[in-house]
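**Student:** turn this into a model:
(one chain, ligands or ions: 2)
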Amino acid sequence: MLRRGSALVIPTTMRAVVFRAPNEVAVDNVPTPQLEAGHALVRVRASMVCATDQKILAGKFPMTRFPHVPGHEFAGEIVLSETGDWPAGTRVGVEVHVGCGTCDRCREGMYTLCLNYGKRETGHAHIGFTIAGGLAEYALVPVAALHVLPDGVSFEEGAWTDNLGVALWSLERGRLAGGEHVVLIGSGAIGLCAAQLARALGAGRVTLVGRGERLRRAKDLADEVVDSAEAARLTGTADLVVEFAGTAEAARQAIAMARRGGRVVLGGSTGAGVELSGVDLSTIVRGNLDVLGSLANPKGVSSRGLELLAQKKVDVARLITHRFPLVVFEEAWRTFTERREGAIRVMLQP
Ligand SMILES: [Zn+2]
Ligand SMILES: [Zn+2]
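**Tutor:** Ligands and ions are numbered 1, 2, ... in the order given. Alright, predicted model coming up:
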């Protein structure tokens, strides 16, 4: 049986990556999602995996129920929606947090901190986490998560909608001012987006701290790259330090690198279970530091990220190191998780 959208014939089943149980993954045929109120059905054209998917597969997100269709970095085109606001054929990118819209945090625009997290009946959704995501041919997406892709932004670039928001929000958290020295810790995809965005926002000097092949590839994205083993030489130098490495060691380094009166934004360890020890509190107190956490991308910041992308202020295409059809997901997954050939982002084409 086929359902007819205004532009395309939609099959009743689709191929999707399915996390069947913790540490068990397959590409399966599953029912194509049915349109629901407040949602649009998106034909996924470009979809990526990231380290968070590894945590989901390992069963580290208690709110994820198996079997689960993952995928939270994707773009595609609308095939069905219930309102005229999102006509078929509209090219969209997706941000992943959708708040309930009525709790105190949502009302202040911080829907990433929604007090009704995981409660689907309130309207909350965390796409690819608490609801099915975009590592599939089709995804049912709450319209609140959709961003129209600017002209000239491809589907592959649009798959970075959420990542760009994450990176941009961290810099906004850190109140980056023109001409400042910014240190970014972490040479993964988000760190490399943030390095470019820091330049776009007028940073005076951008230092990227990381390691290995990924750092070497990124040399021209910063004014200076420093191997994390040599990071001690940056102690006390930065106006703003933004950390996306996700380790306690990186957080300690970040706090040490800030100049007195500087700001530190910690954005890497978004899951529970990483403790910070070995920090002399006087560094923070007597240093008068702002040490800030940064989670995801609230307040629609992704749309500003897409604008900078459209203006070519940030290049995400170069961070896509590998491409695979969705059906060979396991090969793509190994390439990413084993960081083969310095893999940064692996693009799946459903
Ligand atoms: Zn991600
Ligand atoms: Zn809420």
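**Student:** okay, now the domains of the chain?
**Tutor:** In terms of domains, the chain is parsed into 2-160+316-349, 167-293 (source: automatic domain parsing).
**Student:** doesn't L309 make contact with D151?
**Tutor:** No - assessed by C-beta atoms under 8 Å, D151 is found out of contact with L309, at 11.6 Å. C-betas here are computed from N, CA, C, even on glycine.
**Student:** list of residues touching the helix or strand hosting Q54?
**Tutor:** Q54 is located in helix 51-57, with elements delineated by DSSP states H and E. With C-beta atoms under 8 Å, 6 or more residues apart in numbering as the test, helix 51-57 has contacts from 19, 22-23, 25, 61, 64, 68, 70-72, 128-129, 188, 246, 270-271, 337.
**Student:** and the residue of the chain nearest ligand 1?
**Tutor:** The nearest approach of the chain to ligand 1 comes at C50, 3.2 Å away (C-beta to the ion).
**Student:** just give me the neighbour total for that residue.
**Tutor:** C50 has 21 neighbours, counted by other C-beta atoms under 10 Å.
**Student:** chain center to stretch 275-283, what's the gap?
**Tutor:** 28 Å (C-alpha atoms, centre = their mean, to the nearest Å).
**Student:** what's the closest of the domains of the chain to ligand 2?
**Tutor:** domain 2-160+316-349 (3.3 Å).
**Student:** close to ligand 2, is that closest one?
**Tutor:** Yes - Domain 2-160+316-349 lies within reach of ligand 2 by C-beta under 5 Å from the ion, at 99-100, 103, 106, 114, 116.
**Student:** among the residues you listed, which are in strands?
**Tutor:** In strands, judged by DSSP state E, none of the residues of domain 2-160+316-349 next to ligand 2 are found.
**Student:** list the buried residues for stretch 266-273?
**Tutor:** Using 16 or more other C-beta atoms under 10 Å as the test for burial, stretch 266-273 gives 266-270.
**Student:** which one of these is nearest A198?
**Tutor:** Among the buried residues of stretch 266-273, G267 lies closest to A198 (C-beta to C-beta), at 13.1 Å.
**Student:** for that closest one, give its distance to R43.
**Tutor:** Using C-beta to C-beta, to the nearest Å, we find G267 at a distance of 31 Å from R43.
**Student:** how about G246, what does it touch?
**Tutor:** Counting by C-beta under 8 Å, 6+ apart, G246 makes contact with 51, 186, 268-270, 274.
**Student:** for I255, grab phi and psi.
**Tutor:** Here the main-chain torsion angles of I255 (degrees, to the nearest 10) amount to phi -70, psi -40.
**Student:** the host helix or strand of H322 packs against which elements?
**Tutor:** Using DSSP H and E, H322 sits in strand 320-325. On a contact count with 3 or more C-beta pairs under 8 Å, 6 or more residues apart in numbering; DSSP states H and E, strand 320-325 meets helix 329-337, strand 345-349.
**Student:** picking that back up, among the residues of domain 2-160+316-349 next to ligand 2, find me the one that's closest to R199.
**Tutor:** Proximity of those to R199 (C-beta to C-beta) peaks at G99, which lies at 31.1 Å.
**Student:** give the next helix or strand downstream of the helix or strand of the chain with the lowest mean pLDDT.
**Tutor:** In the chain, the helix or strand scored least confidently by mean pLDDT, DSSP states H and E is strand 2-4, which has a mean of 48. Scanning forward in sequence from strand 2-4 by DSSP H and E, the next helix or strand is strand 9-11.
**Student:** name the helices or strands packed onto whichever helix or strand comes after that following strand?
**Tutor:** Downstream of strand 9-11, the next assigned helix or strand under DSSP H and E is strand 13-21. Where contact means 3+ C-beta pairs under 8 Å, 6+ apart, strand 13-21 is packed against strand 24-31.
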